[in-house]
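Chemist: Curious how this folds, go ahead:
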Amino acid sequence: MKESMGNPLQLKSLNHISLVCRSVEQSMDFYQNVLGFFPIRRPGSFDFDGAWLFGFGIGIHLLQAEDPEKLPKKKEINPKDNHISFQCESMEAVEKKLKEMDINHVRARVEEGGIQVDQLFFHDPDGFMVEICNCECLPVIPLVGEVARSCSRVIMTQPPQIQNVVPTVASWKTLN
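Modeler: Numbering: from 1, shown residues only. You can find the predicted model right below:
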């Protein structure tokens, strides 16, 4: 296996993610009023509908789907699906707010070496998953001197476990 070359592309940070949406307006409402992003100027030379938002050091670029009905519709919340994750100050406050907003979510807990990480998963209006966690509790430990490989293949003395996946019955009203 080839040895890591450090930072061959000289990357500095994550700038943005782009999401294709059924309705830019619905998605803007979600990312502003649920997650706290704010709209920013988007280049006027673009010849397609969309919007740019910014918050927490990253941008979210919303792109209007050319044929919204052809976008896949996800109903089930699967913590193993593609997602973006945000750390929060209080998991209890986040879950309370999600319930107040009638946003369907799933709770999970990961345990590693006596450290517990709580997670909440939910979808944006187009089914893209969002995770809110207290992941800062889990230390980032580089695999020094080892061949990098998939986490599922790394031998650990105490494997991480996902516990307490609890679906809620609320649903996000604005989707209907």
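
Chemist: mind listing the strands for this protein?
Modeler: Remark: strands assigned in the chain by DSSP state E are 16-21, 38-40, 50-55, 58-64, 83-87, 106-112, 115-123, 129-133, 161-167.

Chemist: List the strands paired with the first one, with their directions.
Modeler: For strand 16-21, the paired strands and their directions (DSSP bridges) are strand 58-64 (parallel).

Chemist: Likewise for the longest one?
Modeler: As defined by DSSP bridges, the strand partners of strand 115-123 come to strand 106-112 (antiparallel), strand 129-133 (antiparallel).

Chemist: who touches it?
Modeler: The contact list for strand 115-123, computed with CB atoms under 8 Å, 6 or more residues apart in numbering, reads 74, 77-79, 83, 91, 94-95, 98, 103-111, 129-135, 137-139, 172. C-beta: built from backbone N, CA, C; applies to glycine.

Chemist: To residue 22, which of the strands paired with strand 115-123 lies closest?
Modeler: strand 129-133 (15.9 Å; CB to CB).

Chemist: okay, the angle between the closest one and strand 83-87?
Modeler: For strand 129-133 against strand 83-87, the angle by axes from the mean of the first three to the mean of the last three CA atoms, to 10 degrees is 20 degrees.

Chemist: Lowest mean pLDDT among the helices and strands of the protein, which one is it?
Modeler: None of the helices or strands of the chain scores lower by mean pLDDT, DSSP states H and E than strand 161-167, at a mean of 45.

Chemist: model confidence over stretch 69-88, on average?
Modeler: Stretch 69-88 shows a mean pLDDT of 92.

Chemist: CA atoms of it as CSV?
Modeler: In CSV, the C-alpha atoms belonging to stretch 69-88 read as follows (Å, rounded to 0.1, in the frame of the first residue of the first chain):
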residue,chain,number,x,y,z
GLU,A,69,-39.4,14.9,-9.4
LYS,A,70,-36.5,12.7,-10.5
LEU,A,71,-34.6,13.3,-7.2
PRO,A,72,-34.7,10.2,-5.0
LYS,A,73,-37.0,10.6,-2.0
LYS,A,74,-35.6,9.3,1.3
LYS,A,75,-37.9,8.6,4.2
GLU,A,76,-35.9,6.3,6.5
ILE,A,77,-33.3,8.0,8.7
ASN,A,78,-30.2,5.8,8.5
PRO,A,79,-27.2,6.9,10.6
LYS,A,80,-24.9,5.0,8.1
ASP,A,81,-26.0,7.2,5.2
ASN,A,82,-24.1,10.1,3.7
HIS,A,83,-24.4,13.1,6.0
ILE,A,84,-22.9,16.3,7.3
SER,A,85,-22.2,16.6,11.0
PHE,A,86,-22.3,19.6,13.4
GLN,A,87,-21.2,19.8,17.0
CYS,A,88,-23.5,21.6,19.4
